[in-house]
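Colleague: Below are the sequence and a predicted model for it; my questions follow.
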Amino acid sequence: MQRHRTSRRVFLKGSGALVVAISFAGSLSTLAEAAPDARVDTSLGPPDPTHLDTWLNVSGDGSITAFTSKVELGQGNQTALTQIVAEELDVPFAQVTLVMGDTARSAHELGTSGSATIHDAGSNLRQAAAEARKTLVDLASKQLNVPAESLTVRNGVVSKADGTGKLSYAELIGDKQFNVELKALTTPDGLLIPFTTALSGAAKPKDPSQYTIVGTSVPRVDIPLKVTGQFTYMQDVRVPGMLHGRVVRPTGIRSKLIGIGSFEPPVPGAQVLTKGDFVGVVAEQEWDAIRAQTALQVAWSEWNGLPDMSDVWSVIRGTDGTAREVKNTGDVEAALSSAATTVSATYQTPFEMHASIGPSCAVADVRGDQATIWSGTQDPHGVRADVAKLLDIPAANVHVMNVEASGCYGHNGADLVTLDAALMSQLTGKPVRVQFMRHDEHGWEPKGPAMVQDFRGGLDADGNVVAYSHVAWIPPHFDGVYLTGELIGKQIGFPLPGNLPNWGTDLIYDWPNVSISENDILNAVVTAANWDTRPSPQTGTRATGVSTGRGVAMVNYEGTRVAEVAEIEVNRSTGNIRVTRFTVAHDCGQMINPKAVQAQIESNVIQATSRTLKEEVIFDQSNVTSLDWRSYPILTYPEVPQVDTVLINRPDKPSTGAGEPSTCPVAAAISNAVFDATGIRLRTLPFRPAQVLAAFAAAGSA
């Protein structure tokens, strides 16, 4: 398959280290000039995962380009995956360029989620690179007329054991195809099966004992340009001839369009776009589009269909759902009835926002039955299918390119804004850039779902756990169509019942009688989406203190084991909780880049602390009302706790992921620390001062 060559890396010197900018980390002018050439050549067909050339190639100057559909979300995936390729090929790290999230240039892997990038994409790229190395050594063996096993490779040069007969990778195959077949486990639509070693071949990857690049803290390639303000985020992308767009949303979640008036005050040059109940505005200048969004007079039907969301957990319990048994061993009810001691507790979490600091943005260029998309999506191939359905064009004619946007934990507004841009471009016949305002992001991004979880446990006379019961009420973690499609009468996204995860099964203890079940809420009015991790049953310890305390929590998340200690201060007069320090022990198997893992853990803990102490979506009867940072507060810099990490590296074990697991125990650790400090149990998030004072009052009157 012919591929467009990527430009060579942009080299920067800083602090004595060589740092590399890859993928779309170029200038705005470079992106603008390249945009017209980004259209899909549909005659080439989709990249075939069984072709080695789909995964990497070697140019005539010796530089190596590797391809993955996974994307960078600010977690360091770009650097870690590049390390894996460089390691297996025995080339310097700086010699490898990684192209991420381009549907025309990468095989179809699952979107970047579930802490699975290093496990899935890493194993695929490791196998592809090992296969390429074997192929190159075999080529050198034929040219040098010596056995392949007698050859050595160093810095991309194959040579005899005595150092003679040197042949570089570029000399062996530069600008040519490998023409090597691999085996790939795929679904019928070409998706490489996630959470498996999907790619295989004749080559055997290196033994971890031979690693010199993997396992080291290679400086992240994206940081220098980000720190110096030169990085091109999705919000910075411009293409020639584009218009700026904004969407005019309904007043209520299910409101219908009645009529459209004029711009008051007038906005010269602004244009109104409509299709079904979808209303948008475009203009040549962004400020005009912003003014037009608020100036356009639009009449919507009244809709007040939300239940009383002040007690959202009663709403969830009372909403029809489907009971589903997740795990059942032994006889829980019999064990509980004969237990010496029984305990029970209910834990409640509210709707939460992904609340990305940078509002979601996308650019679309739709011309006839062809579409070129620049998006901050986590799942370029998924968005390609959604755009095709939205626009009624073949998916093969849609080219989606990821450009890094604001980082996120879970499914934020990136895909929604991409569909908005695609529809508006089709309606205008011109490229359209759409960026959400803060009220768009907070109001219409899919929300982290509220949940209710009931726990019961039984102990024998010696204090051993003999029974454990966990019943959860959980909205699906993407429960329906995207708003853009819904407004024009199309079901685009994941139709109900949606994504129903088996949560709560990764217990860290082996108990004899266990029952775990879920009530999957299938008709929630509020659109929910994947939200990083979930609360887990935890353990706690006690320490001394009046206003200070420590709490311990542990989790086993998809094979990653995490233990955390939270240290907190509670102001008994104000109810304010301050988390001063977290200590985290983290075992995710083989670590590719320890420094990146440490940074990921720190960000997980900080963000989860914010969720625990502050975050909650507020509604009225029609819609979300927490539309800014005052009504949806998040942790501020002075409130950020110190995070100390203890990294457990096991290079002989598979990488099990670091993107999400350290988020899981945070709320439990803080709750246990509050109990240690005050004797008060907090089981409903968030732990805002009013809730804490109410708990004190309830305890005092009990």
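Modeller: Cool, the structure landed. Residues are numbered from 1 along each chain as shown.
Colleague: shaky segments in this protein?
Modeller: 1-45, 476-481, 494-506, 522-544, 546, 701-702 (pLDDT under 70).
Colleague: Apply 80 and report the result again.
Modeller: Applying pLDDT under 80 to the chain flags residues 1-45, 320-321, 408-410, 475-481, 493-507, 520-544, 546, 701-702.
Colleague: From the recorded domain assignment, give the ranges for it.
Modeller: Following automatic domain parsing, the chain resolves into domains at 10-232, 243-302+354-444, 532-702.
Colleague: ok, Ser626 to Glu441 distance?
Modeller: For Ser626, the distance to Glu441 equals 11 Å [C-beta to C-beta, to the nearest Å]. Where C-beta positions appear, they are placed from N, C-alpha and C, glycine not excepted.
Colleague: Looking at those two, which has the bigger crowd around it?
Modeller: Taking neighbours as other C-beta atoms under 10 Å, Ser626 and Glu441 compare with Glu441 leading, 24 against 19.
Colleague: For that one, give me its contacts.
Modeller: Neighbouring residues of Glu441 by C-beta atoms under 8 Å, 6 or more residues apart in numbering: 355-356, 359-360, 412-413.
Colleague: Would you double-check that it falls in a helix?
Modeller: Yes: counting by DSSP: H, G, I helix; E, B strand; the rest coil, Glu441 falls inside a helix.
Colleague: Distance-wise, check it relative to Lys447.
Modeller: Separation of Glu441 from Lys447 (C-beta to C-beta) stands at 11 Å.
Colleague: Hmm, Ala585 is touching Pro661, no?
Modeller: No: taking C-beta atoms under 8 Å as the definition, Ala585 is not a contact partner of Pro661, at 11.4 Å.
Colleague: Same drill for the two, tell me which one is more crowded.
Modeller: When neighbours are counted by other C-beta under 10 Å, Pro661 comes out ahead of the other of Ala585 and Pro661, with 29 against 17.
Colleague: Quick check: the gap between the more buried one and Thr196.
Modeller: Distance, Pro661 to Thr196, using C-beta to C-beta: 20 Å.
Colleague: Ok, Gly443 next?
Modeller: Distance from Gly443 to Thr196, by C-beta to C-beta: 39 Å.
Colleague: Gly358 reaches Ala405, doesn't it?
Modeller: Yes: applying C-beta under 8 Å, one finds Gly358 in contact with Ala405, separated by 6.2 Å.
Colleague: shared neighbours of the two, anything?
Modeller: 233, 235.
Colleague: out of these two, which sits in the busier spot?
Modeller: More crowded of Gly358 and Ala405, by other C-beta under 10 Å: Ala405, with 30 against 17.
Colleague: Enumerate every residue touching the nearest residue to the more buried one once chain neighbours are set aside.
Modeller: Spatially, and ignoring its direct neighbours in sequence, Ala405 is nearest to Gly376 (2.6 Å; C-beta to C-beta, 6 or more residues apart in numbering). Neighbouring residues of Gly376 by C-beta under 8 Å, 6+ apart: 234, 360-362, 402-406, 414.
Colleague: again, only using 10 Å
Modeller: 71, 73, 101, 233-235, 237, 356, 358, 360-362, 402-408, 412-415, 417-418 (C-beta atoms under 10 Å, 6 or more residues apart in numbering).
Colleague: What about those, which are in strands?
Modeller: Within the contacts of Gly376, residues falling in strands by DSSP state E are 361-362, 402.
Colleague: farthest pair in the contacts of Glu441?
Modeller: Maximum pairwise distance among the contacts of Glu441 (C-beta to C-beta): 11.2 Å, between Ala355 and Ser360.
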